[in-house]
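Undergrad: what follows is a protein structure lacking sequence information:
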(Lines give C-alpha, C1' and ligand atoms only; values in the text may rest on other atoms or scores of the structure.)
Protein backbone atom coordinates (compact mmCIF):
# COMPACT_ATOMS: atom_id res chain seq x y z
CA UNK A 1 0.00 0.00 0.00
CA UNK A 2 1.28 3.45 -0.83
CA UNK A 3 1.82 5.65 2.18
CA UNK A 4 2.37 8.80 0.18
CA UNK A 5 0.40 11.95 0.75
CA UNK A 6 -2.15 12.86 -1.96
CA UNK A 7 -0.34 13.84 -5.10
CA UNK A 8 -0.59 17.57 -5.81
CA UNK A 9 -1.78 18.48 -9.33
CA UNK A 10 0.50 20.58 -11.46
CA UNK A 11 -0.63 23.80 -13.11
CA UNK A 12 -1.67 22.89 -16.64
CA UNK A 13 -3.43 24.98 -19.31
CA UNK A 14 -6.25 22.45 -19.69
CA UNK A 15 -6.69 22.36 -15.92
CA UNK A 16 -6.82 26.14 -15.73
CA UNK A 17 -9.38 26.25 -18.56
CA UNK A 18 -11.57 23.78 -16.69
CA UNK A 19 -11.36 25.71 -13.44
CA UNK A 20 -12.22 28.98 -15.18
CA UNK A 21 -15.26 27.52 -16.97
CA UNK A 22 -16.46 25.77 -13.83
CA UNK A 23 -16.41 29.03 -11.90
CA UNK A 24 -17.53 31.48 -14.59
CA UNK A 25 -20.05 29.51 -16.69
CA UNK A 26 -21.05 26.10 -15.37
CA UNK A 27 -21.69 26.77 -11.67
CA UNK A 28 -25.14 28.30 -11.12
CA UNK A 29 -26.74 29.80 -8.02
CA UNK A 30 -30.14 28.38 -7.11
CA UNK A 31 -32.92 29.41 -4.75
CA UNK A 32 -33.26 28.10 -1.19
CA UNK A 33 -35.05 24.75 -1.27
CA UNK A 34 -36.51 24.65 2.24
CA UNK A 35 -37.93 28.16 2.74
CA UNK A 36 -35.34 28.90 5.41
CA UNK A 37 -36.32 31.89 7.53
CA UNK A 38 -34.51 34.06 8.22
CA UNK A 39 -32.52 33.73 5.03
CA UNK A 40 -29.22 34.05 6.94
CA UNK A 41 -29.93 30.71 8.64
CA UNK A 42 -30.12 28.85 5.31
CA UNK A 43 -27.80 25.84 5.09
CA UNK A 44 -29.16 24.53 1.76
CA UNK A 45 -26.62 23.76 -0.93
CA UNK A 46 -27.47 26.69 -3.19
CA UNK A 47 -25.53 25.95 -6.34
CA UNK A 48 -25.53 23.37 -9.10
CA UNK A 49 -23.27 22.56 -12.04
CA UNK A 50 -24.49 22.63 -15.64
CA UNK A 51 -23.52 19.00 -16.17
CA UNK A 52 -24.54 18.80 -19.83
CA UNK A 53 -22.20 21.67 -20.73
CA UNK A 54 -19.44 20.16 -18.58
CA UNK A 55 -19.74 16.72 -20.18
CA UNK A 56 -19.81 18.23 -23.68
CA UNK A 57 -16.59 20.15 -22.90
CA UNK A 58 -14.72 17.00 -21.87
CA UNK A 59 -15.73 15.36 -25.16
CA UNK A 60 -14.84 18.39 -27.32
CA UNK A 61 -11.77 18.18 -29.52
CA UNK A 62 -9.02 20.71 -28.81
CA UNK A 63 -8.67 21.20 -32.56
CA UNK A 64 -9.64 19.31 -35.71
CA UNK A 65 -8.27 15.74 -35.69
CA UNK A 66 -6.67 16.38 -32.28
CA UNK A 67 -7.12 15.15 -28.72
CA UNK A 68 -10.40 15.65 -26.91
CA UNK A 69 -10.21 17.78 -23.79
CA UNK A 70 -10.28 14.58 -21.73
CA UNK A 71 -7.49 12.95 -23.73
CA UNK A 72 -5.33 16.05 -23.46
CA UNK A 73 -5.97 16.35 -19.74
CA UNK A 74 -4.94 12.74 -19.11
CA UNK A 75 -1.94 13.07 -21.43
CA UNK A 76 -0.67 16.17 -19.61
CA UNK A 77 -1.40 15.01 -16.07
CA UNK A 78 1.26 13.17 -14.05
CA UNK A 79 0.72 9.43 -13.72
CA UNK A 80 -0.55 8.83 -10.16
CA UNK A 81 2.03 7.24 -7.89
CA UNK A 82 -0.10 4.12 -7.38
CA UNK A 83 -0.31 3.44 -11.15
CA UNK A 84 2.34 2.40 -13.65
CA UNK A 85 0.41 3.70 -16.69
CA UNK A 86 -1.95 6.66 -17.24
CA UNK A 87 -5.69 6.15 -16.93
CA UNK A 88 -7.17 5.34 -20.33
CA UNK A 89 -9.67 7.93 -21.65
CA UNK A 90 -12.15 5.15 -22.43
CA UNK A 91 -12.23 4.29 -18.70
CA UNK A 92 -13.85 7.68 -18.10
CA UNK A 93 -15.80 8.19 -21.32
CA UNK A 94 -17.31 4.70 -21.77
CA UNK A 95 -20.97 4.92 -22.76
CA UNK A 96 -23.26 4.03 -19.86
CA UNK A 97 -20.35 4.14 -17.43
CA UNK A 98 -19.00 7.64 -17.95
CA UNK A 99 -17.25 9.44 -15.10
CA UNK A 100 -17.02 13.01 -16.42
CA UNK A 101 -18.83 14.47 -13.40
CA UNK A 102 -16.91 12.26 -10.99
CA UNK A 103 -13.61 13.39 -12.51
CA UNK A 104 -14.72 17.03 -12.42
CA UNK A 105 -15.63 16.91 -8.75
CA UNK A 106 -12.37 15.17 -7.83
CA UNK A 107 -10.46 17.70 -9.91
CA UNK A 108 -12.07 20.56 -8.03
CA UNK A 109 -11.16 18.86 -4.76
CA UNK A 110 -7.54 18.32 -5.85
CA UNK A 111 -8.02 14.54 -5.86
CA UNK A 112 -8.25 13.76 -9.57
CA UNK A 113 -5.30 11.36 -9.17
CA UNK A 114 -7.84 9.02 -7.51
CA UNK A 115 -10.22 8.84 -10.49
CA UNK A 116 -9.27 5.23 -11.27
CA UNK A 117 -10.25 4.23 -7.73
CA UNK A 118 -13.69 5.83 -8.12
CA UNK A 119 -14.16 4.21 -11.53
CA UNK A 120 -13.28 0.81 -10.08
CA UNK A 121 -15.91 1.42 -7.39
CA UNK A 122 -18.53 2.08 -10.11
CA UNK A 123 -19.01 5.71 -9.11
CA UNK A 124 -20.33 6.54 -12.56
CA UNK A 125 -22.11 9.80 -13.37
CA UNK A 126 -25.49 8.06 -13.62
CA UNK A 127 -25.03 6.55 -10.16
CA UNK A 128 -23.85 9.61 -8.23
CA UNK A 129 -27.20 10.09 -6.50
CA UNK A 130 -26.84 6.62 -4.98
CA UNK A 131 -24.66 5.69 -2.01
CA UNK A 132 -24.63 1.92 -2.26
CA UNK A 133 -21.02 1.47 -3.37
CA UNK A 134 -19.25 2.99 -0.38
CA UNK A 135 -17.82 -0.31 0.82
CA UNK A 136 -16.28 -0.96 -2.60
CA UNK A 137 -14.97 2.61 -2.73
CA UNK A 138 -13.60 2.29 0.78
CA UNK A 139 -11.60 -0.80 -0.20
CA UNK A 140 -10.35 0.83 -3.39
CA UNK A 141 -9.12 3.92 -1.55
CA UNK A 142 -7.57 1.93 1.31
CA UNK A 143 -5.07 0.48 -1.18
CA UNK A 144 -3.62 3.85 -2.19
CA UNK A 145 -4.08 6.46 0.57
CA UNK A 146 -3.36 6.71 4.28
CA UNK A 147 -5.94 4.90 6.42
CA UNK A 148 -7.03 8.09 8.16
CA UNK A 149 -7.76 9.83 4.84
CA UNK A 150 -10.28 7.34 3.45
CA UNK A 151 -13.36 8.49 5.35
CA UNK A 152 -12.60 12.18 4.77
CA UNK A 153 -12.32 11.61 1.01
CA UNK A 154 -15.63 9.73 0.91
CA UNK A 155 -17.39 12.28 3.11
CA UNK A 156 -16.16 15.23 1.04
CA UNK A 157 -17.20 13.52 -2.18
CA UNK A 158 -20.73 12.72 -1.00
CA UNK A 159 -21.22 16.18 0.48
CA UNK A 160 -20.38 17.99 -2.77
CA UNK A 161 -21.63 15.49 -5.35
CA UNK A 162 -25.19 16.86 -5.19
CA UNK A 163 -24.10 19.90 -7.19
CA UNK A 164 -23.51 17.46 -10.06
CA UNK A 165 -26.92 15.74 -9.65
CA UNK A 166 -29.46 18.50 -10.41
CA UNK A 167 -33.01 17.38 -11.10
CA UNK A 168 -33.56 16.75 -14.81
CA UNK A 169 -36.77 18.60 -15.63
CA UNK A 170 -39.22 17.02 -18.07
CA UNK A 171 -42.70 17.97 -19.26
CA UNK A 172 -44.51 14.98 -17.77
CA UNK A 173 -42.46 14.50 -14.64
CA UNK A 174 -44.29 13.55 -11.45
CA UNK A 175 -41.58 12.98 -8.85
CA UNK A 176 -41.95 13.00 -5.08
CA UNK A 177 -38.88 14.92 -3.90
CA UNK A 178 -39.72 14.90 -0.20
CA UNK A 179 -36.72 13.75 1.81
CA UNK A 180 -34.33 13.68 -1.15
CA UNK A 181 -31.05 15.55 -1.41
CA UNK A 182 -31.49 16.47 -5.07
CA UNK A 183 -30.85 20.17 -5.62
CA UNK A 184 -33.66 21.80 -7.58
CA UNK A 185 -32.36 23.88 -10.52
CA UNK A 186 -34.59 26.89 -9.81
CA UNK A 187 -32.89 30.28 -9.74
CA UNK A 188 -36.02 31.83 -8.18
CA UNK A 189 -38.84 30.38 -6.07
CA UNK A 190 -41.94 32.33 -5.02
CA UNK A 191 -44.68 30.86 -2.81
CA UNK A 192 -48.20 31.72 -3.94
CA UNK A 193 -51.00 32.47 -1.43
CA UNK A 194 -52.85 29.25 -0.52
CA UNK A 195 -56.53 28.74 0.24
CA UNK A 196 -57.41 26.76 3.32
CA UNK A 197 -55.58 23.47 3.62
CA UNK A 198 -54.53 23.22 -0.02
CA UNK A 199 -50.97 22.21 -0.84
CA UNK A 200 -48.40 24.94 -1.31
CA UNK A 201 -47.97 26.16 -4.88
CA UNK A 202 -44.91 28.01 -6.17
CA UNK A 203 -43.82 30.01 -9.17
CA UNK A 204 -40.30 28.86 -9.99
CA UNK A 205 -37.86 30.18 -12.58
CA UNK A 206 -35.36 28.03 -14.45
CA UNK A 207 -32.59 29.14 -16.77
CA UNK A 208 -33.26 28.25 -20.41
CA UNK A 209 -30.02 26.36 -21.00
CA UNK A 210 -30.68 24.07 -18.02
CA UNK A 211 -33.82 22.65 -19.70
CA UNK A 212 -32.63 19.68 -21.77
CA UNK A 213 -36.06 18.15 -22.39
CA UNK A 214 -37.28 19.36 -25.80
CA UNK A 215 -40.98 18.97 -24.98
CA UNK A 216 -40.64 21.06 -21.83
CA UNK A 217 -38.51 23.67 -23.62
CA UNK A 218 -41.24 24.01 -26.26
CA UNK A 219 -43.95 24.34 -23.61
CA UNK A 220 -42.00 27.06 -21.79
CA UNK A 221 -40.91 29.12 -24.78
CA UNK A 222 -43.80 31.60 -24.46
CA UNK A 223 -42.82 32.38 -20.86
CA UNK A 224 -39.19 33.18 -21.66
CA UNK A 225 -37.90 36.53 -20.49
CA UNK A 226 -34.51 38.14 -19.98
CA UNK A 227 -33.42 38.46 -16.37
CA UNK A 228 -30.54 40.84 -15.60
CA UNK A 229 -28.84 38.34 -13.28
CA UNK A 230 -29.74 34.92 -14.71
CA UNK A 231 -30.17 35.56 -18.43
CA UNK A 232 -33.04 33.86 -20.28
CA UNK A 233 -35.41 32.19 -17.81
CA UNK A 234 -38.90 30.67 -17.84
CA UNK A 235 -41.50 30.52 -15.07
CA UNK A 236 -43.57 27.44 -14.24
CA UNK A 237 -45.86 26.37 -11.43
CA UNK A 238 -44.92 23.54 -9.11
CA UNK A 239 -46.06 22.04 -5.80
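TA: Structure received. Everything numeric here is computed off the predicted structure, so don't read it as measured data. Residues are numbered from 1 along each chain as shown.

Undergrad: ok, and the closest non-adjacent residue to the residue nearest the centre of the chain?
TA: The centroid of the chain falls nearest to residue 164 when counting by CA atoms, centre = their mean (1.5 Å). Take residue 164 and drop its neighbours on the chain: the residue closest to it by CB to CB, 6 or more residues apart in numbering is residue 101, 4.2 Å away. Heads up, the C-betas are built off the backbone N, CA and C, glycines and all.

Undergrad: so the one you found touches residue 55, yeah?
TA: Yes: Residue 101 is within contact range of residue 55, at 7.2 Å (criterion: CB atoms under 8 Å).

Undergrad: who has more neighbours out of the two?
TA: The neighbour count for residue 101 versus residue 55, taken as other CB atoms under 10 Å, is higher for residue 101 (22 against 17).

Undergrad: report pLDDT for that one.
TA: For residue 101, the pLDDT comes out at 97.

Undergrad: which strand or helix spans it?
TA: Following DSSP states H and E, one finds residue 101 within helix 100-108.

Undergrad: who touches that helix?
TA: 9, 15, 18-19, 22, 49, 51, 54-55, 58-59, 70, 92-93, 112, 114-115, 118-119, 123-125, 128, 157, 160-161, 163-164 (CB atoms under 8 Å, 6 or more residues apart in numbering).

Undergrad: related to what we said a few turns ago, what's the spacing between the residue nearest to residue 164 and residue 162?
TA: From residue 101 across to residue 162, the span is 11 Å (CB to CB, to the nearest Å).

Undergrad: which residues are in contact with stretch 25-45?
TA: Residues from elsewhere that reach stretch 25-45 (CB under 8 Å, 6+ apart): 46-50, 53-54, 162-163, 183-189, 191, 204, 207, 210.

Undergrad: among the residues you listed, name the ones in strands.
TA: By the criterion of DSSP state E, membership of the contacts of stretch 25-45 in strands covers 47-49, 188-189, 191, 204, 207.

Undergrad: in PyMOL, select just the buried ones from these.
TA: One line in PyMOL is enough to select the buried members of the ones in strands among the contacts of stretch 25-45, burial here meaning 16 or more other CB atoms under 10 Å:
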select buried, resi 48+49+188+189+204+207
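
Undergrad: now distance to residue 31 and pLDDT too, for the ones in strands among the contacts of stretch 25-45, in a markdown table please.
TA: Listed next are the ones in strands among the contacts of stretch 25-45 as a markdown table, based on distance: CB to CB, whole Å; pLDDT from 0 to 100:
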| residue | distance to residue 31 | pLDDT |
| --- | --- | --- |
| 47 | 11 | 90 |
| 48 | 11 | 93 |
| 49 | 16 | 96 |
| 188 | 6 | 87 |
| 189 | 4 | 85 |
| 191 | 11 | 82 |
| 204 | 8 | 85 |
| 207 | 12 | 92 |
